[in-house]
Each structure stands twice: as structure tokens, then as C-alpha cells.
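Q: just need the structure, nothing else, for what follows:
(one chain, ligands or ions: 1)
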Amino acid sequence: MTTNKFPADDSEYYPGFGNHFSSEAIAGALPAGQNSPLVCPLGLYAEQISGTSFTAPRKHNQRSWLYRIKPSVTHEPFKPRLPKHGKLVSEFSQVNSAINPTQIRWKPVEIPTEPTDFVDGLYSVCGAGSSFLRHGFAIHMYTANKSMENCAFCNADGDFLIVPQQGRLWITTECGKLQVSPGEIVILPQGFRFSVDLPDGPSRGYVAEVFGTHFHLPDLGPIGANGLASARDFLVPKASFEEESRPGYTIIQKFGGELFTAKQDFSPFNVVAWHGNYVPYKYDLSKFCPYNTVLVDHGDPSINTVLTAPTDKPGVALLDFVIFPPRWLVAEHTFRPPYYHRNCMSEFMGLIHGGYEAKADGFLPGGASLHSCMTPHGPDTKTYEATIARGSDAAPHRIKDTMAFMFESCLMPRICPWALDSPSIDHDYYQCWIGLKSHFNNTENTSLQNGHTESEA
Ligand SMILES: [Fe+2]
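A: Next comes the predicted model:
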């Protein structure tokens with residue numbers, strides 16, 4: 001385990017989303033006036049990490065310059081990691097995954113008792129597309145109980161958005177250290193080396209991975225210049241470094257969904273200073289400023305988008321990260337829970353803590369659900385009946401002590417066999433809707449009130 005201190009509060013990070021930051025663990029370590037001097041201050045090596053193509057438009061261009069004790073190229077050749085991991089997918093096809101339009105729900109997966117670190121405890125659940133073709137996504141989960149030891153992970157395939165559900169993550173990156181608690185998220189962009197310590201032992205969480213793009217803040221449109229996730233609430237680590245020898249240190253590279261290892265004799269967290277806008281960052285979901293209806297009807301869930309990974313089509317997300325935070329429900333003569341729905345997008349949901357407003361039971365913290373493209377979903381029978389029983393004069397109601405979220409994608413996910421065969425699958429999920437009964441009452445003859453007769457309808 002890394003023994004250096006992890007940040008305890010927000011003041012130990014840089015605030016801001018998409019900023020160009022400069023960070024020095026030793027004053028004067030950053031070169032002045034140029035990126036790659038003949039000899040860098042303190043005898044450091046200059047190394048760029050590019051998160052976009054060199055020629056990406058300036059407003060999208062992401063890169064950082066790292067000034068390090070030894071460059072990251074200083075390692076032995078990569079070799080396939082053995083035994084094979086076997087449960088990570090970055091190119092979803094008929095060979096490695098299946099399709100199933102049924103509503104699927106998973107109970108919380110048990111955290112293993114045998115020693116398992118973040119890498120070994122990470123497994124793909126579903127996804128679509130290909131990291132090779134730089135278009136697609138994967139949804140993973142992790143269950144682990146021990147810190148990564150003398151090794152770092154590097155994801156060459158895409159960006160990770162990690163949602164811890166149980167247990168803090170102490171994440172050491174090349175840009176510095178992050179402490180990420182349940183209720184916060186962390187983004188680890190493609191290519192950064194990082195190590196995960198688990199100070200609380202047994203840990204569980206969700207991971208979205210996007211291929212070929214990065215997360216942005218959503219446009220706010222008529223909402224205006226403020227609201228939802230505020231740029232100032234995203235936190236970026238400050239430079240810190242390790243200089244001691246680390247014999248046998250292993251870099252684990254996820255490359256095309258397969259794991260490779262390379263040995264080196266030093267820590268990859270040897271960056272004394274850095275500058276740029278391609279960085280890891282975290283965000284506390286309790287800082288989200290939700291907007292909602294104040295008169296009638298239920299807003300579309302997109303109103304709660306925290307981050308979006310866009311496609312080239314305007315308004316169509318490769319992957320949206322949406323939350324359902326505590327908030328007031330005040331709509332008049334309105335069915336306040338989420339409406340019944342079929343969606344051209346596919347929706348994967350998780351629950352960090354508490355309950356979810358559309359499910360009276362069965363959807364548990366650490367569990368998950370998948371409602372694929374055009375698969376119907378919505379409130380369960382208990383929720384529907386309880387809502388109707390409350391009547392149209394229901395007082396304003398505050399949803400408390402909950403944090404559910406959704407990964408939503410325009411691509412149709414294929415599901416990994418171990419997720420479909422998992423003992424955590426809730427085979428009775430469909431039962432939550434089977435009890436929905438007809439409330440149809442033809443004696444009210446509402447068709448006439450609508451200006452036409454039954455024979456015309
Ligand atoms: Fe939906």
C-alpha cells in the first residue's frame with residue numbers, strides 16, 4: 001500500500017472542469033516558457049500524454065505535459081498477464097456476449113472473501129462497440145477487498161468513470177492522489193497509470209468506460225448559465241511523487257480488453273510537476289443542483305445529467321451519467337414517479353444508497369438493472385398503487401437519503417455471459433409489474449369529452 005497521505009478535504013485539490021492546470025510538488029520544477037527544454041529543471045524528463053489527436057479542434061483538444069524522474073517508457077516488454085483475467089471485454093460481439101431484451105435486474109454481488117484487488121475484482125457486465133474502432137462503451141462492476149500491491153493499472157482502451165458504492169478508493173495517479181468516497185465519482189482518462197488502495201477493505205462499485213471520446217459537462221440550454229453540475233465542484237489532484245526504488249514493480253496494461261504486464265524498477269508515480277488539461281478528476285454528487293418540474297408532469301431524466309460522453313450526432317450520447325438525487329417533488333395532479341417508458345436509448349441503473357422512487361423493493365444498493373433499447377420499464381405495482389392511493393392533493397414531498405444513477409447509451413448493449421448466468425440475477429424481476437391491473441373504466445365515456453365518439457376513434 002502507498003503510505004503517502006491522501007487528501008482529506010477539497011482544499012487539497014484544484015477546482016474546475018476543463019481548466020488548464022499547472023502543478024508543482026517542488027517549486028520551480030515546471031519549465032518556464034516552453035514544454036520540452038533541452039534539460040528540464042531538476043533534471044526531469046518531459047513527457048506528453050495526448051488524450052485527443054494532435055489535430056483535434058482546440059476546444060476539444062486535451063493533453064498534459066508530465067515532468068518525471070524517469071520516463072514511462074523505461075520498462076521491460078509487455079507480456080500477456082497470466083492467468084488470463086477472462087472477464088473484461090472491450091469489443092462486444094456474438095463471440096463473447098449475448099443480447100436479451102428482457103428487463104434484467106441484479107441483486108448486489110457478494111464481495112469475495114479471498115484476497116482480491118481492484119484489477120482482479122473488475123468485470124464487464126455489458127457494452128457495445130469496440131475500443132479498437134474507438135466507438136463504444138463498456139459497463140463494469142468491481143468487488144474487491146485489498147489494495148493493489150507494487151503495481152499500477154493503465155487502461156489504453158478508454159476513460160473510466162468509477163462510482164464507488166461501498167468503501168473508499170484511495171487512488172494514486174501520475175497527476176497526484178485522490179480520495180473518492182461512496183457518493184463521489186472519479187474519472188480516470190485513457191492512458192493514465194493509477195493504483196487503487198482500499199482503506200475500508202471490502203469494496204464494491206460500478207464503472208462506465210467510454211471508447212474514443214471524453215466526458216463533457218452537458219449543455220444547459222434554456223436552464224441558463226448555472227445549474228446541474230457546476231464546473232467549480234470538479235476536483236483535480238495536485239502533483240506528488242515517489243522517488244524510491246521499487247524492484248519488481250508491475251505495470252498492468254488493459255489493451256483491447258486483454259491485460260498485459262511489464263516490469264520496471266521504479267514507481268510510475270514519479271511526476272514532480274505537470275501542466276495541462278488532460279487530467280483525472282473527481283466530483284461529489286451531493287453538490288449537484290437539480291432542476292425539476294414546478295407545476296405538472298415528470299421531467300425527462302436527462303434533466304439530471306452530470307456528465308455526457310457525446311457522439312458525433314448532436315444531442316445523442318455515447319454515454320450519459322445521470323443521477324437521481326434527493327429533491328422535492330411538488331407537481332400538481334401528476335403521477336410523480338418516473339413514467340412508464342420505452343426508449344431508443346438503453347438504460348443501465350445502479351443504486352449507491354437508499355431506495356429508488358420507482359421501485360418499492362428489490363432494487364438494492366449495489367444492485368443494478370438493465371432496460372435495453374425499446375424494452376418497456378417503469379414503476380412497479382406497489383409504487384403505482386401507492387401513488388394513485390395518495391390522490392391528486394398530495395403535498396410537496398422530499399425524496400431523502402438516496403442516490404441512484406443511470407448510464408444511458410444510444411448503443412444497444414450486449415451482455416456478458418457471466419452477468420447473464422450470475423447467481424445475483426433476479427429471476428423474479430418481471431413479477432414487480434405482473435400485478436399491474438387494469439383501472440380502465442369505460443363508464444366515464446371520456447372519448448366524448450375529447451370531442452369525438454367511440455365509432456370515430
Ligand atoms: Fe427510462
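Q: which bits of the chain sit near the ion?
A: Residues of the chain lying close to the ion (CB under 5 Å from the ion) are 341, 343, 347. Glycine gets a C-beta too; all of them are placed from N, C-alpha and C.
Q: residues in contact with the closest residue to the ion within the stretch 201-350 of the chain?
A: Residue of the stretch 201-350 of the chain nearest the ion, by CB to the ion: residue 341 (3.9 Å). Taking CB atoms under 8 Å, 6 or more residues apart in numbering, we find residue 341 in contact with 371, 376, 377, 378.
Q: the third one contacts residue 370, correct?
A: Which is residue 377. No - using CB atoms under 8 Å, residue 377 is not in contact with residue 370, being 9.6 Å away.
Q: which pair in the contacts of residue 341 spans the largest distance?
A: Spatially, the most separated pair among the contacts of residue 341 is 371 and 378, at 9.2 Å (CB to CB).
Q: picking that back up, secondary structure added to the residues of the chain next to the ion, as CSV?
A: Below are the residues of the chain next to the ion laid out as CSV (DSSP: H, G, I helix; E, B strand; the rest coil):
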residue, secondary structure
341, strand
343, coil
347, strand
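Q: hang on, residue 307 in a strand?
A: Yes - assessed by three-state DSSP, residue 307 belongs to a strand.
Q: that one contacts residue 161, doesn't it?
A: Yes - if you go by CB under 8 Å, residue 307 and residue 161 touch, sitting 7.1 Å apart.
Q: between these two, what contacts are shared?
A: 187, 215, 321.
Q: count the neighbours of the last one for me.
A: Residue 321 sits with 26 neighbouring residues when counted by other CB atoms under 10 Å.
Q: can you pull the contacts of it?
A: 161, 185, 208, 215, 305, 306, 307, 308, 405, 406, 407.
Q: identify the farthest-apart pair in these.
A: 215 and 406 (14.6 Å).
Q: so between these two, which is more surrounded?
A: residue 215 (23 against 20).
Q: one step back: of residue 371 and residue 378, who's got more company?
A: Each of residue 371 and residue 378 has its neighbours counted (other CB under 10 Å); residue 371 has more, 24 against 20.
Q: what's the nearest residue to the more buried one if we skip its chain neighbours?
A: residue 377 (4.1 Å; CB to CB, 6 or more residues apart in numbering).
Q: that neighbour bridge partners, please.
A: Beta-bridge pairing for residue 377 (DSSP bridges): residue 341.
Q: which residues touch it?
A: 103, 340, 341, 342, 347, 371.
Q: recalculate using a threshold of 10 Å.
A: Counting by CB atoms under 10 Å, 6 or more residues apart in numbering, residue 377 touches 103, 338, 340-343, 347, 349, 358, 369-371, 433.
Q: got CSV for the residues you listed, with pLDDT too?
A: Formatted as CSV, these follow (pLDDT from 0 to 100):
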residue, pLDDT
103, 98
338, 95
340, 97
341, 96
342, 98
343, 97
347, 98
349, 98
358, 86
369, 98
370, 98
371, 98
433, 96
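Q: what about the helix or strand harbouring residue 263, distance to the chain center?
A: Assigned by DSSP states H and E, residue 263 belongs to strand 258-266. From the chain centre to the centre of strand 258-266 is a distance of 26 Å (CA atoms, centre = their mean, to the nearest Å).
Q: what's it packed up against?
A: Strand 258-266 sits against strand 79-80, strand 151-155, strand 245-255, with contacts defined as 3 or more CB pairs under 10 Å, 6 or more residues apart in numbering; DSSP states H and E.
Q: could I get the average pLDDT for the second one?
A: Translated: strand 151-155. Taken as a whole, strand 151-155 has a mean pLDDT of 98.
Q: okay, now the sheet partners of it, with direction.
A: Short version: by DSSP bridges, strand 151-155 pairs with strand 193-197 (antiparallel), strand 245-255 (parallel).
Q: in this structure, what spans have low per-residue confidence?
A: 1-4, 445-457 (pLDDT under 70).
Q: rewinding a little: what residues do residue 377 and residue 370 have in common as contacts?
A: The contact lists of residue 377 and residue 370 share 103, 347, 349, where a contact means CB under 10 Å, 6+ apart.
Q: the last one - how many residues pack around it?
A: Which is residue 349. With other CB under 10 Å as criterion, residue 349 counts 24.
Q: quickly find the element holding it.
A: strand 346-353.
Q: so which elements touch that strand?
A: Against strand 346-353 (3+ CB pairs under 10 Å, 6+ apart) you get strand 104-106, strand 122-130, strand 135-144, strand 159-166, strand 203-211, strand 317-324, strand 368-371, strand 403-409.
Q: go again using 7 Å as the cut-off
A: strand 159-166, strand 368-371, strand 403-409 (3 or more CB pairs under 7 Å, 6 or more residues apart in numbering; DSSP states H and E).
Q: note down every partner strand of the first one and its orientation.
A: So that's strand 159-166. Assessed with DSSP bridges, strand 159-166 is paired to strand 184-188 (antiparallel), strand 203-211 (antiparallel).
Q: sorry, back to before: out of the contacts of residue 377, which are buried?
A: 103, 338, 343, 347, 349, 358, 369, 370, 371, 433 (16 or more other CB atoms under 10 Å).
Q: of the residues of the chain next to the ion, just say which sits nearest to residue 47.
A: Of the residues of the chain next to the ion, the one sitting nearest to residue 47 (CB to CB) turns out to be residue 347, at 39.7 Å.
Q: restricting to C-alpha, output the longest helix belonging to the chain in CSV.
A: Of all segments of type helix in the chain, defined using DSSP state H, the longest is helix 381-390. Extracted in CSV, the C-alpha atoms of helix 381-390 (Å, rounded to 0.1, in the frame of the first residue of the first chain):
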residue,chain,number,x,y,z
THR,A,381,-47.1,-2.3,-9.0
LYS,A,382,-46.6,-1.3,-5.3
THR,A,383,-45.3,2.1,-6.3
TYR,A,384,-48.1,2.7,-8.9
GLU,A,385,-50.9,1.7,-6.5
ALA,A,386,-49.4,3.7,-3.6
THR,A,387,-49.1,6.8,-5.8
ILE,A,388,-52.6,6.6,-7.0
ALA,A,389,-54.0,6.0,-3.5
ARG,A,390,-52.3,9.2,-2.3
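Q: return the set of buried residues in it.
A: 383, 384, 385, 387.
Q: cool, and stretch 6-14?
A: With the criterion 16+ other CB under 10 Å, stretch 6-14 contains buried residues 6, 7, 12, 13, 14.
Q: and which of those is nearest the ion?
A: Nearest to the ion among these, with distances taken as CB to the ion, is residue 13, at 34.0 Å.
Q: the closest one reaches residue 237, doesn't it?
A: Yes - at 6.0 Å, residue 13 and residue 237 qualify as touching, with contact defined as CB atoms under 7 Å.
Q: and the residue most central in space within the chain, how close does it get to the ion?
A: The structure's the chain has its C-alpha centroid closest to residue 161; by CA atoms, centre = their mean the separation is 3.2 Å. Per CB to the ion, to the nearest Å, residue 161 is found 20 Å from the ion.
Q: still on that earlier bit, point out the most buried one among the strands paired with strand 151-155.
A: strand 193-197 (a mean of 24; mean count of other CB atoms under 10 Å).
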